[in-house]
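J.: quick one: sequence plus predicted model below, questions after.
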Amino acid sequence: MDGSKAPTTAPVLILLGPPGAGKGTQARMLDHAYGLVQLSTGDLLRAAVAAGTDAGNAAKAVMDAGGLVSDDIVIAILRDRLAEPDCARGVILDGFPRTTIQAEALDRLLSEQGKRINAAISLDVDDAAMVARIAGRFTCGGCGEGYHDSFKLPAIKGKCDTCQSTAFKRRADDTPTTVATRLAAYHAQTAPLIAFYETQGALARVDAMGAIDDVATALGAIVAKATA
Ligand code: AMP
C-alpha cells in the first residue's frame, strides 16, 4: 500500500451466491439502507453489450450461453467503475468476483486504494429452487427494481412501485438451459471463493431460502457488524 494514502473506512462488501440466490435484490436493498453503491458486473456487462463497446461485443455470446466472461474483460470493467467518485462512500459487489483470479485481482485493487473487504457474504440456497426463482423474475425498465411472478408483484398490476414506469423487462439469459449452465459455472468456478474468503476471515453465511425481507434482516445484521 502507498504509505501516503490514509486508509479509508468506506466499506467493501461482497455478495456470493448462485444465479437466483437474490444477490441483486439484496444488494439493491443494502444500497438503499446503507447508502452503499451496488456494483453488479452483470449490469455493467449488459450496459456494455447494449452500448456496443468492444468489451460488450466480446462478452455477448458468452453471456447468452450462460458462461463466464473472461477475467481480463470483467476485471477491467470493475476497475474502471470502482474508480468513479461515488464508490468512495462504500460498495456492495454483486456478481464479482466469480473466479479466484478475479478475487486476487480485487484484493490487489483494494490494497492499492488502502481499502479492504469488510465481509464476503454467501447467500446459501438450494439449486433445485433456483430455476423456478429465475424463471419468474423481471425488472422495471425505468429504475431497475426487481419483481417476481410468484414472490414479488408490483402493488398495482403493470406499474412499478418505485418509479411508476409501466415498462418491464425479462433477461434473455433467464431460460432453463442457460440457467443450468450458469449454475454449473457457479459450482465449478465461483463456489471455491467461499473457502478463499473463509481463509481470509472475511466470510459470513446467510440462509437465503426464506422470504426476501427475512433474508434482508439477517444480511443487515451482518453488514452492520462488518461496517461498525
Ligand atoms: P449476472 O447478472 O450477475 O447474473 O451476470 C450475467 C452474466 O454476465 C453471467 O452469466 C456472465 O456471463 C456475465 N458475468 C457477470 N459477472 C461476471 C463475472 N464477475 N465474471 C464473469 N462473467 C460475469
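T.: Thanks, I have the structure now.

J.: can you list the weak-confidence ranges in this protein?
T.: Low-confidence regions of the chain, defined here as pLDDT under 70, cover residues 1-9.

J.: quick one, longest helix in it?
T.: When the chain is parsed with DSSP state H, its longest helix is helix 212-226.

J.: could you give me the buried positions within it?
T.: 212, 215-216, 218-219, 222-223, 226 (16 or more other CB atoms under 10 Å). Quick note: C-beta positions are derived from backbone N, CA and C, even for glycine.

J.: closest residue of the chain to the ligand?
T.: Checking the chain residue by residue against the ligand with CB to the nearest ligand atom singles out G42 as nearest, at 2.0 Å.

J.: show the contacting residues for that residue.
T.: Residues in contact with G42, defined by CB atoms under 8 Å, 6 or more residues apart in numbering, are 24, 94-95.

J.: one more pass at 6 Å, please.
T.: Residues counted as contacts of G42 (CB atoms under 6 Å, 6 or more residues apart in numbering) are G95.

J.: this structure: helices as residue ranges?
T.: In order along the chain, the chain carries the following helices (DSSP H): 23-34, 41-51, 54-65, 71-82, 100-112, 127-135, 176-185, 192-199, 212-226.

J.: give me whichever of those is most buried.
T.: helix 23-34 (a mean of 20; mean count of other CB atoms under 10 Å).

J.: mind checking how far A216 is from D64?
T.: Counting by CB to CB, to the nearest Å, the gap from A216 to D64 is 31 Å.

J.: who does the residue positioned nearest the centre of the chain form a beta bridge with?
T.: With distances taken as CA atoms, centre = their mean, the residue of the chain nearest its centroid is D94 (1.4 Å). Each beta-bridge partner of D94 is listed here: L15, S40, as defined by DSSP bridges.

J.: is it true that it touches A27?
T.: Yes: with contact defined as CB atoms under 6 Å, D94 and A27 form a contacting pair (4.0 Å).

J.: what touches both of these two?
T.: With contacts defined as CB under 6 Å, 6+ apart, the residues shared by D94 and A27 are 15, 38.

J.: kindly report the residues of this protein close to the ligand.
T.: 19, 41-42, 45, 62-63, 66-69, 74, 95-96, 98, 102, 173, 182 (CB under 6 Å from any ligand atom).

J.: let's see that with 5 Å instead.
T.: With CB under 5 Å from any ligand atom as the criterion, the chain comes near the ligand at residues 41-42, 45, 63, 68-69, 74, 95-96, 98, 182.
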